[in-house]
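S.K.: turn this into a structure:
(one chain, ligands or ions: 1)
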Amino acid sequence: MSQPSPDSSATKTALITGITGQDGSYLTELLLSKGYIVHGLVRRTSNTVRSRLDSLFHDKNIYERSLFLHYGDLDDATTIRRILLKTQPDEIYHLAGQSHVGLSFEIPESTCQFTAMGTLKLLEMIRDLEKQPRLLHISSSEIFGRPDASPQNEQTPMRPVTPYGVAKTFATQMVQVYRRSFDCFACNAICYNHESPRRGESFVTRKITRAAAAISLGLQSELRLGALDARRDWGDAQTYVTAMWMMLQQDAPDDYVLATGRTHSIQDFLEFSFDHVDLDWRDYVVTDPKFIRPTDVADLCGDPSHATEKLGWQPPTSCQDLAQRMVDHDLQLLQRKPIPAKSSEAVSR
Ligand SMILES: NC(=O)c1ccc[n+]([C@@H]2O[C@H](COP(=O)([O-])OP(=O)(O)OC[C@H]3O[C@@H](n4cnc5c(N)ncnc54)[C@H](OP(=O)(O)O)[C@@H]3O)[C@@H](O)[C@H]2O)c1
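M.R.: Model (predicted):
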């Protein structure tokens, strides 16, 4: 099976699934800065505004020169195969999927269809290609569910407890199977929670930072949340995508835990965010059973030593700094006069 070896002098081509998401947008910026030609898979929706890619899309020196978008849904194998044949990527970063753990209890079938089967379909397509691209699959700490040991590493047994976790476990193990059985250069980035000002607004960290900003501006009066004692290992998304790129530049494929090795409670995150705008979160937070999950993972904490030793990756450390940057960004957004959203309708054909 032919595999391209990394050649820093040649222009590399990457295909990103989930390019419109938090991680996809940061990864796109990183790869463009390294001189890559970047192709992105976007799904056709009625909304053509892709705010995280907006500045790149409207930059005539970038869009359709080094960045190209292609319509395709994760379960549309024919289209994805065609895009693969047309773009001949050296590297594929597979980030797309239903990314909300809580929501996976409401839509388990499509979560599994896209996250689990979508990954398997992609692996099957790659297996058939003459020129084999390297694959990065983004896995999740949710695969560990309720582990016996803390912190978790690449050897910790997978025991998922959510539909999202089960789907990611299937995809993660399939990546391992294809690596061992078919010699695919395929890696799992086992990511713990990572946040940024570009985090989707339905995720708890962004809900908190947006509420802190809105309440401080008199635009909101309360914040409804689920369990406040849940603890997460929260890192900075931009740093995590750098590690994903590093993983595909190694001589051999492997799995890596990407985490900070520290956990904070949701209450801590509330404190970091509300303190930053001189408010006491206790005056505004209402517990709403609607946001409590049927089952939740235990306090997951990742051990990033394999990534630090092998890749030289340094995980971000300050959760407080992350929360404050997110609040600052939300303050800016909310204070900005509303401007008409620009359409990003055109895609490469
Ligand atoms: N952020 C974290 O803390 C974290 C931790 C562990 C693992 N992960 C995983 O990392 C990946 C990226 O996370 P993220 O935070 O960037 O998530 P995100 O912002 O929700 O982005 C998800 C991306 O997947 C795309 N997508 C979803 N379903 C699709 C489908 N059927 N066909 C094609 N594209 C589809 C979305 O497209 P639209 O823009 O059209 O919705 C979006 O581009 C996800 O797989 C997530 O599960 C994230």
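S.K.: what's the nearest residue to residue 99 if we skip its chain neighbours?
M.R.: Spatial nearest neighbour of residue 99, chain neighbours left out: residue 21 (6.9 Å); criterion: Cβ to Cβ, 6 or more residues apart in numbering. Quick note: C-beta positions are derived from backbone N, CA and C, even for glycine.
S.K.: does that neighbour touch residue 98 like I think?
M.R.: No. Residue 21 lies out of contact with residue 98 (Cβ atoms under 8 Å); the separation is 10.9 Å.
S.K.: which of those two has more neighbours?
M.R.: Shown here are residue 21 and residue 98; by other Cβ atoms under 10 Å, residue 21 has more neighbours (23 against 20).
S.K.: how far away is the residue nearest to residue 99 from the ligand?
M.R.: 2 Å (Cβ to the nearest ligand atom, to the nearest Å).
S.K.: same question, residue 135
M.R.: For residue 135 relative to the ligand (Cβ to the nearest ligand atom), the value is 14 Å.
S.K.: cool, residue 62 as well?
M.R.: Distance, residue 62 to the ligand, by Cβ to the nearest ligand atom: 18 Å.
S.K.: list the contacts for the residue nearest to that residue when sequence neighbours are not counted?
M.R.: Nearest residue to residue 62, sequence neighbours excluded (Cβ to Cβ, 6+ apart): residue 56, at 5.2 Å. The neighbours of residue 56, taking Cβ atoms under 8 Å, 6 or more residues apart in numbering as the test, are 28, 29, 32, 62, 63, 67.
S.K.: what residues does the stretch 151-300 of the chain have near the ligand?
M.R.: 191, 193, 194, 200 (Cβ under 6 Å from any ligand atom).
S.K.: next, give me the two most distant ones among those.
M.R.: Greatest spacing in these, by Cβ to Cβ: 191 and 200 (15.0 Å).
S.K.: before we move on, the earlier item: which of the contacts of residue 56 lies closest to residue 273?
M.R.: Taking the contacts of residue 56 together and measuring to residue 273 by Cβ to Cβ, the closest member is residue 29, at 25.2 Å.
S.K.: for that closest one, list the residues it contacts.
M.R.: Neighbouring residues of residue 29 by Cβ under 8 Å, 6+ apart: residue 56.
S.K.: apply 10 Å and report the result again.
M.R.: Residue 29 makes contact with 38, 52, 53, 55, 56, 62, 67, 238, 241 under the criterion Cβ atoms under 10 Å, 6 or more residues apart in numbering.
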